[in-house]
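**Q** the sequence isn't on hand, but the structure is:
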């Protein structure tokens, strides 16, 4: 064996750095509870230049007190941070880059900040690490983005640092675990510090510091859709999805994206779905945040279980009163978990249903449009075929089109779109805007949300394209054209070609499915407005003020 | 809104059932600590006929006291259970089916029980739910296999039920979470009950009962490979992987399967890899159990981080002394987590390297051979292209072969095999045995471990087939034939065809890579035997007795 001097290297530098930070902080106060007015000082001692810092920014729950505090640190002391933020949604998330506190950014979704992010990447203020789906970003916390510091939000803590997240557990567990078990520092902002916790979501020994924030963490009701805004085109699309896809393929387990198309489906189950005799046969097991529009389906016995990424404002009491359906803790409140829900969304579901802003003739789609780098969120994770899946369900097997000894099934990935978006923008385009945005932002590959290869069905007001049946790229393009209406793509196909596709079952129009367009009326909706949802819930659903008109 | 009577239905039946079970158990004893002699009685009250029961069976750590106890229950009281066991490795796992205690089985991997499982499925003793990868099975715990009872193993508990898992955290957290947060009952066997825990891995409020087992949980050193058993063919293959794949594509982050081929790679990094000037340029970030054969690479500074699925017997002190590399808790011991490691293995890595028993001419491979339903484990999850991945690395981008605006990269999925297995069985076969086994077991699809479409490289003692470069199925078959030696497949290709593939860079033989076959000698191994590994570790590695010859 080769002899080398093995004694030179220190093997616990992360541990020593953490110890040094903790000793420095000990000079300001003792114990786990940071006096709120010391938070900036603590950050300046806990975060070293160049550190990798994860900052909780979920779809809804934001570590807003900590993000604001981070903006207050002296950039001479704390700078060039490598920020890992799943959901870029607050102005501070970008301002820390302007101030030089941070320089590199890895993220998943930008939402309302998508235009600013594009600009700041182009002008060099932000050096982009990469854009991820949620699961990818969390995965890298254990591989090559191991956090030095993590900043998270919870509802309550006790004096030992045990955390209670309430319904919005979200990504807190994974952010904490990655840091706590590799000598990172964990700081949690909480709305309250109390001797008694309703339940423990994160053990206190994983948390270095807690700080009571001066205002509750920021949270947004992102998954609430007002049934009053659902139009008849969306209802028609929903009817086709229920009859032409869910019933046809026996879709049992599924996820719905956010949007009026999927809200319409949820509200049609207890009416249109019931009339087709489908109750108990489809849509029983869900991975979904507590959508208010799912209440009528739950109340009428359609739903067996719902596992959630996070909570939804106003749904707390309703969820707590339906513990057979939702996951909850001993305290009776929802326990969500973003990483497990994404994983279940990827591996355990028959179908993912999403919507998009643009689809090209190959079926590739993207929500990235001119100047708007919105990122991915979770859609590509759930909206793709999980090639590592090996268990079968009826729907999954139904996607097999060729006979062969080693054929396997596929996940149903369904895109529901109207052929034109507001402002007469066609959804079907020759080239995705994402191509240019990707180039302008210096990304290595075009930010495609869902690749055409992965999409099994596209549904528009014209009909359903069963893309998984297309024999080749040209036939897939024709199938898309057949449902693309009067967009340029839609005008490329002849009536004969359409009829041929309909005969082959590659395309179905409403009449092929026994659906009358004239039946697509708002009276099919189990709830017509938010107030109806409240009534269905027997008053348990308490919609946020902005959704009330009473 | 439609008026219906909403008051008939109870919405908390799971909660009521759990309460009833707990009250029944309260008749035998009070508190969280089950007297060991009451465990069977407790199980008979905690488990109802037809319940879904998860039983911890990892690669290594087994809830062996609980599995033995389950075998003792009265099958008149407890029967027809639906068992969810990731790793079927103990005789009780099957005996409970013979006794009628259980009837349905969902699992991932069968290992040593693979022949018996096949037989019991064929004769109807076991009704198979399905066979999964680990991530799929865990995912379903939140969707359609929600556990009523979960039985897990930990090292220590305190009187409040807080659990300390030690290095083998494994799948315990996810099994507990799925049950604890949907009114399931959680029972943990522990080796010790103590007032003080080195750290908390699972909060006590998630655990209903603990029981001190009469002997420590069963555990196996599955990831230890003795360097003395590595032969020169494996060394040659390892050299080709390092130079022809890792260096060529800049592979930074990776997982290695279990086996001598990959052990050889690990032991060649500090010698052959060093001689090529590759240190710091490849193989820095790993998702891997603590393989003893990785010690020399760690000691010589090749490795930046290792995230683990579970621990490895004998590696405890070494891992604890290398906290910059491994994830650990405040107690200084490894914290592993099977579900996060699988997720990272799927989404955050450049490359997966596995081995297999059979490969067909399409590149499909399987470890299922005649009469042996071994299942999948984690390989298909890590050994497939993650179509939901959106971030780029050099290696991932290097798999792009076509120019196009929406092209994306791929994960490297590398199969290393010798053309013949022991007993002159060719690895390259016309048809996988898995086809027949799948039919005989009534599976819906053939149990293929890794599909040919997902494999990017196959390496044999003949050379490397760069399958990702093949333009079509026929060229892929030819590329496989070019490295298939004197198997029937290998004899199907002419010398001219081989030369053509070598010219195109679709196949490379050692001489094409500047590797001399005669250099593939055991003196290249950084450690020649287990004792060398102990020396490299400065005595910190303490191999289990069966690996010692001193």
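**A** Okay, I see it. All of these numbers come straight from a predicted model, not from anything done at the bench. Numbering: from 1, shown residues only, chains lettered A, B, ... in the order given.
**Q** in the sheet, who's paired with the residue lying closest to residue A:66 once chain neighbours are set aside?
**A** Excluding its sequence neighbours, the residue lying closest to residue A:66 (C-beta to C-beta, 6 or more residues apart in numbering or on different chains) is residue A:151, at 4.2 Å. The C-beta positions use only the backbone N, C-alpha and C, and glycine is treated the same way. Per DSSP bridges, the residues bridged to residue A:151 are residue A:55, residue A:187.
**Q** right, and residue A:151 touches residue A:64 too?
**A** No. Using C-beta atoms under 8 Å, residue A:151 is not in contact with residue A:64; the gap is 10.5 Å.
**Q** what touches both of those two?
**A** Both residue A:151 and residue A:64 are contacted by residue A:189, under the criterion C-beta atoms under 8 Å, 6 or more residues apart in numbering or on different chains.
**Q** so which of the two has more stuff around it?
**A** Between residue A:151 and residue A:64, residue A:151 has the larger neighbour count (other C-beta atoms under 10 Å in any protein chain shown), namely 29 against 21.
**Q** list the contacts of the more buried one.
**A** Shown in contact with residue A:151 (C-beta under 8 Å, 6+ apart): A:53-56, A:63, A:66-67, A:70, A:187-189.
**Q** switch to 6 Å and redo it
**A** Contact partners of residue A:151, counting by C-beta atoms under 6 Å, 6 or more residues apart in numbering or on different chains, are A:55, A:63, A:66, A:187.
**Q** quick one, strands of the stretch 401-550 of chain A?
**A** Assigned by DSSP state E, counting those that start in this stretch, the stretch 401-550 of chain A shows strands spanning A:412-416, A:420-421, A:425-426, A:457-459, A:464-466, A:507-508.
**Q** can you redo the ones you listed as CSV with mean neighbour count, mean pLDDT and distance to chain B?
**A** Listed next are those as CSV, based on neighbours: other C-beta atoms under 10 Å in any protein chain shown; pLDDT from 0 to 100; distance: least, C-beta to the nearest C-beta, whole Å:
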stretch, mean neighbour count, mean pLDDT, distance to chain B
strand A:412-416, 27, 98, 10
strand A:420-421, 15, 90, 21
strand A:425-426, 15, 93, 18
strand A:457-459, 27, 98, 17
strand A:464-466, 27, 98, 19
strand A:507-508, 26, 98, 23
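**Q** now render the ones you listed as CSV, adding distance to residue A:321.
**A** Putting those into CSV (distance: least, C-beta to C-beta, whole Å) gives the following:
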stretch, distance to residue A:321
strand A:412-416, 31
strand A:420-421, 38
strand A:425-426, 42
strand A:457-459, 34
strand A:464-466, 37
strand A:507-508, 40
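**Q** to residue B:460, which of these lies closest?
**A** strand A:412-416 (36.4 Å; C-beta to C-beta).
**Q** who's in contact with the helix ranked longest in chain A?
**A** In chain A, taking DSSP state H as the definition, the longest helix is helix A:13-26. With contact meaning C-beta under 6 Å, 6+ apart, helix A:13-26 is reached by A:42, A:45-46, A:183, B:323-324.
**Q** after it, which helix or strand is next? Please name it.
**A** strand A:33-34 (DSSP states H and E).
**Q** partner strands of that following strand and their direction?
**A** By DSSP bridges, strand A:33-34 pairs with strand A:209-212 (parallel).
**Q** gap between the residue lying closest to residue A:548 once chain neighbours are set aside and residue A:271?
**A** Closest residue to residue A:548 apart from its sequence neighbours, by C-beta to C-beta, 6+ apart: residue A:530 at 6.7 Å. Counting by C-beta to C-beta, to the nearest Å, the separation of residue A:530 from residue A:271 is 18 Å.
**Q** between those two, who's got more neighbours?
**A** Shown here are residue A:530 and residue A:271; by other C-beta under 10 Å, residue A:530 has more neighbours (23 against 17).
**Q** residues in contact with that one?
**A** A:226, A:543, A:547.
**Q** kindly report the same for residue A:11.
**A** So residue A:11 contacts B:322, B:324 (C-beta under 6 Å, 6+ apart).
**Q** what do you get if the cut-off is 8 Å, keeping everything else the same?
**A** So residue A:11 contacts B:321-325 (C-beta under 8 Å, 6+ apart).
**Q** confirm that residue A:115 sits in a strand.
**A** No. With DSSP: H, G, I helix; E, B strand; the rest coil as the criterion, residue A:115 is assigned helix and is not in a strand.
**Q** I figured it hits residue A:370, correct?
**A** No. Using C-beta under 8 Å, residue A:115 is not in contact with residue A:370, being 9.6 Å away.
**Q** so these two - more neighbours on which side?
**A** residue A:115 (14 against 11).
**Q** please report phi then psi for the residue of the stretch 401-550 of chain A found nearest chain B.
**A** Evaluated by C-beta to the nearest C-beta, the stretch 401-550 of chain A has residue A:444 as its residue closest to chain B, separated by 4.0 Å. Torsion angles at residue A:444 (phi, psi; degrees, to the nearest 10) stand at phi -70, psi -30.
**Q** wait, it sits on residue B:398?
**A** No. Look at residue A:444 against residue B:398 with C-beta under 8 Å: they stay out of range, at 11.1 Å.
**Q** identify the contacts common to these two.
**A** residue B:409.
**Q** neighbour count for those two, which is higher?
**A** A direct count of neighbours by other C-beta under 10 Å for residue A:444 and residue B:398 places residue B:398 higher, at 18 against 15.
**Q** how about the more buried one, what does it touch?
**A** B:248-250, B:409.
**Q** overlap between these and the residues near chain A?
**A** Among the contacts of residue B:398, the ones lying close to chain A by the criterion of C-beta under 8 Å from any C-beta of the partner chain are residue B:409.
**Q** so which of the contacts of residue B:398 wins on neighbours?
**A** Of those, with other C-beta under 10 Å as the count, residue B:249 tops at 23 neighbours.
**Q** list the residues that contact that one.
**A** B:350-351, B:394-395, B:398-399, B:412.
**Q** repeat that with 6 Å
**A** Contacts of residue B:249 by C-beta under 6 Å, 6+ apart are B:395, B:398.
**Q** for residue A:114, same thing?
**A** Applying C-beta under 6 Å, 6+ apart, the residues near residue A:114 are A:372-374.
**Q** up against chain B, what does the stretch 351-500 of chain A have?
**A** Within the stretch 351-500 of chain A, the positions adjacent to chain B are A:364, A:376, A:380-381, A:384-385, A:387-392, A:397, A:405-406, A:408, A:435, A:444-446, A:448, A:454 by C-beta under 6 Å from any C-beta of the partner chain.
**Q** typed the wrong thing, it's the stretch 1-150 of chain A
**A** A:1, A:6, A:11-15, A:130, A:132-133, A:135-136, A:139-140, A:142-144.
**Q** inside helices: which ones of those residues?
**A** Counting by DSSP H, the residues of the stretch 1-150 of chain A next to chain B place A:13-15, A:135-136, A:139-140 in helices.
**Q** ranking those by neighbours, who comes first?
**A** Within these, most neighbours by other C-beta under 10 Å means residue A:139, with 31 neighbours.
**Q** in what element of secondary structure is residue A:319 found?
**A** helix A:316-320.
**Q** now the residue nearest to the residue of the stretch 401-550 of chain A closest to chain B when sequence neighbours are not counted, what's its secondary structure?
**A** Distance criterion C-beta to C-beta, 6+ apart; nearest residue to residue A:444, sequence neighbours excluded, is residue B:392 at 4.0 Å. Following three-state DSSP, the label given to residue B:392 is coil.
**Q** looking at it, residue B:392 is touching residue A:442, isn't it?
**A** No. Using C-beta atoms under 6 Å, residue B:392 is not in contact with residue A:442, being 11.2 Å away.
**Q** out of these two, name the residue with the larger neighbour count.
**A** residue B:392 (16 against 11).
**Q** close to chain B: what parts of the stretch 151-300 of chain A are there?
**A** Residues of the stretch 151-300 of chain A lying near chain B (C-beta under 6 Å from any C-beta): A:181-182, A:199-200, A:203, A:205, A:253, A:285, A:299.
**Q** closest one of those residues to residue A:495?
**A** residue A:253 (38.2 Å).
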